[in-house]
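Asks: The amino acid sequence is not available; the structure is as follows:
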Ligand code: TRP
């Protein structure tokens, strides 16, 4: 093995299992939960979408979260390095993840910048009967303002990652994640106590399966990957900072639960307010930036609720974008022995520049389209969320299920006695390196192991593949 001493001692480690859980849950909980999930529920048949999402989460998302973190902890390296330790031929899967990371970092912080602006806006009076759709359109199409706010968000992102694993990512995740949960509950209580909010709750829990099409299922798969931060190697990188003594299964399993809890709470916090003030639940992406500000303006204590809501959004977006950046930075540190400071500075600068055209695609560059009439921003989102992340997931499942030390398998083991006749016949799993890693060399219990193996080998690759084909 070719791990340079200098680089491995540079890498950092979580100081506790709690620190890892907060950082990884912080990565998962983000705009995907607070912004995309509620509007997807609004557009795609209420709880019909939630049911499909939950099935995909259970049968694909959760097993793959465990697989991804396992690869990282095994390799104790960035995604390229960790795949490379399984087999040098697999490095390109990790490299694909890095490319995905650049794409994600091009558009995600743009929305982070919008949040910075709306946080500021919460405190500023906007006049008698403001037109929030116009405020949003004017702001996002402005050539400079969104780039300034993008810059502010990028600086915050940069500082936390530059501070390192323990003193930056872990420390700030441990503050921001619990604060986020508290704020979310306060906002939810406020909106649920509005008159007429019950209609919204009914809307969320009434399934309308007529809205479910192949496209909806593809967007649910995309959402599972995006929301869990799966498929680019962000969780793998975080897994690489786990110590070999930690209980990997126990720490990993709480991440999808926290993630889903926040997505549901956010939906329950937002939809009732939308109904109480008779807005359109299927507003789509503008839900947070047009509908909600209008609601906050009408709501008693609206300024306060608006301010804490956008602080919550800011925390969520930051803890997610730091995980994207860390994936790229870790590669530069491990592979090229860059100092963390240098690596973070250069990569943060590159992704800030990549963000500019994405930001401008709401104004100056709005007529520039890449994929089937999608703007630059929408194309980046589509390419990353609906194509590259699920593809990364299929490749990861195939690698763990079929390639890593012969793949996961169940065999009949025959032990012969001295005369050469069969003596003991047992059925059992052949413990390949992946299972060894999850169970700390067989010393820990791994619940649902058979189901997990079956899913990683068969269900996940086949289902994602079929959904892809169906959509082409
Ligand atoms: N999970 C985050 C969200 O829901 C986004 C995110 C962070 C992400 N890191 C990622 C998505 C890595 C894919 C890959 O907003």
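Replies: That came through fine. Note that the structure is a prediction, hence the values are computed from the model and not measured.
Asks: Tell me the first helix or strand C-terminal of the helix or strand of the chain with the lowest mean pLDDT.
Replies: Here the helix or strand of the chain ranked lowest by mean pLDDT, DSSP states H and E is helix 5-10, holding a mean of 48. Later in the chain than helix 5-10, the nearest helix or strand by DSSP states H and E is helix 17-28.
Asks: does the ligand sit close to the helix or strand that that next one is followed by?
Replies: Sequence order places helix 31 as the next helix or strand after helix 17-28, per DSSP H and E. Yes: against the ligand, helix 31 shows contacts by C-beta under 6 Å from any ligand atom at residue 31. Yep, even glycine has a C-beta here, placed from its N, CA and C like the rest.
Asks: what about whichever helix or strand comes after helix 31, near the ligand?
Replies: Where DSSP H and E defines the elements, the next helix or strand beyond helix 31 is helix 37-43. No: Helix 37-43 lies out of reach of the ligand by C-beta under 6 Å from any ligand atom, never closer than 8.2 Å.
Asks: Just the buried positions in the following helix or strand past helix 37-43, please.
Replies: On the C-terminal side of helix 37-43, the nearest following helix or strand under DSSP H and E is helix 47-56. Neighbour-count burial for helix 47-56 flags 47-50, 52-54, 56 (criterion: 16 or more other C-beta atoms under 10 Å).
Asks: Among those, which one sits closest to the ligand?
Replies: Distance to the ligand across the buried residues of helix 47-56 (C-beta to the nearest ligand atom) is lowest for residue 53, with 12.7 Å.
Asks: who touches that closest one in this structure?
Replies: Shown in contact with residue 53 (C-beta atoms under 8 Å, 6 or more residues apart in numbering): 37, 220, 223-224.
Asks: What of residue 111?
Replies: Neighbour list for residue 111: 31, 35, 317 [criterion: C-beta under 8 Å, 6+ apart].
Asks: hmm, try it at 6 Å
Replies: By C-beta atoms under 6 Å, 6 or more residues apart in numbering, the residues touching residue 111 are residue 31.
Asks: and it, helix, strand or coil?
Replies: Counting by DSSP: H, G, I helix; E, B strand; the rest coil, the backbone at residue 111 sits in helix.
Asks: and the gap between it and residue 362?
Replies: According to C-beta to C-beta, to the nearest Å, residue 111 and residue 362 sit 11 Å apart.
Asks: Quick check: the gap between residue 295 and the ligand.
Replies: Noted for residue 295: a distance of 22 Å to the ligand, by C-beta to the nearest ligand atom, to the nearest Å.
Asks: again with residue 201
Replies: Taking C-beta to the nearest ligand atom as the measure, residue 201 falls 23 Å from the ligand.
Asks: For that residue, which residues are in contact?
Replies: With contact taken as C-beta under 6 Å, 6+ apart, residue 201 is in contact with residue 272.
Asks: Could you rerun that using 7 Å?
Replies: The contact partners of residue 201, by C-beta atoms under 7 Å, 6 or more residues apart in numbering, come to 268, 272.
Asks: Tell me which helix or strand it sits in.
Replies: Counting by DSSP H and E, the element that carries residue 201 is helix 198-205.
Asks: where do the strands sit along the stretch 351-472 of the chain?
Replies: Remark: strands assigned in the stretch 351-472 of the chain by DSSP state E, counting those that start in this stretch are 409-416, 422-430.
Asks: could the buried residues of helix 47-56 be laid out in a markdown table, adding pLDDT and distance to the ligand?
Replies: Output for the buried residues of helix 47-56, formatted as a markdown table (pLDDT from 0 to 100; distance: C-beta to the nearest ligand atom, whole Å):
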| residue | pLDDT | distance to the ligand |
| --- | --- | --- |
| 47 | 89 | 20 |
| 48 | 91 | 21 |
| 49 | 93 | 16 |
| 50 | 94 | 16 |
| 52 | 94 | 17 |
| 53 | 95 | 13 |
| 54 | 95 | 16 |
| 56 | 95 | 15 |
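Asks: Distance to residue 274 added to those residues, as a markdown table?
Replies: Below are these laid out as a markdown table (distance: C-beta to C-beta, whole Å):
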| residue | distance to residue 274 |
| --- | --- |
| 47 | 16 |
| 48 | 18 |
| 49 | 16 |
| 50 | 16 |
| 52 | 21 |
| 53 | 19 |
| 54 | 22 |
| 56 | 25 |
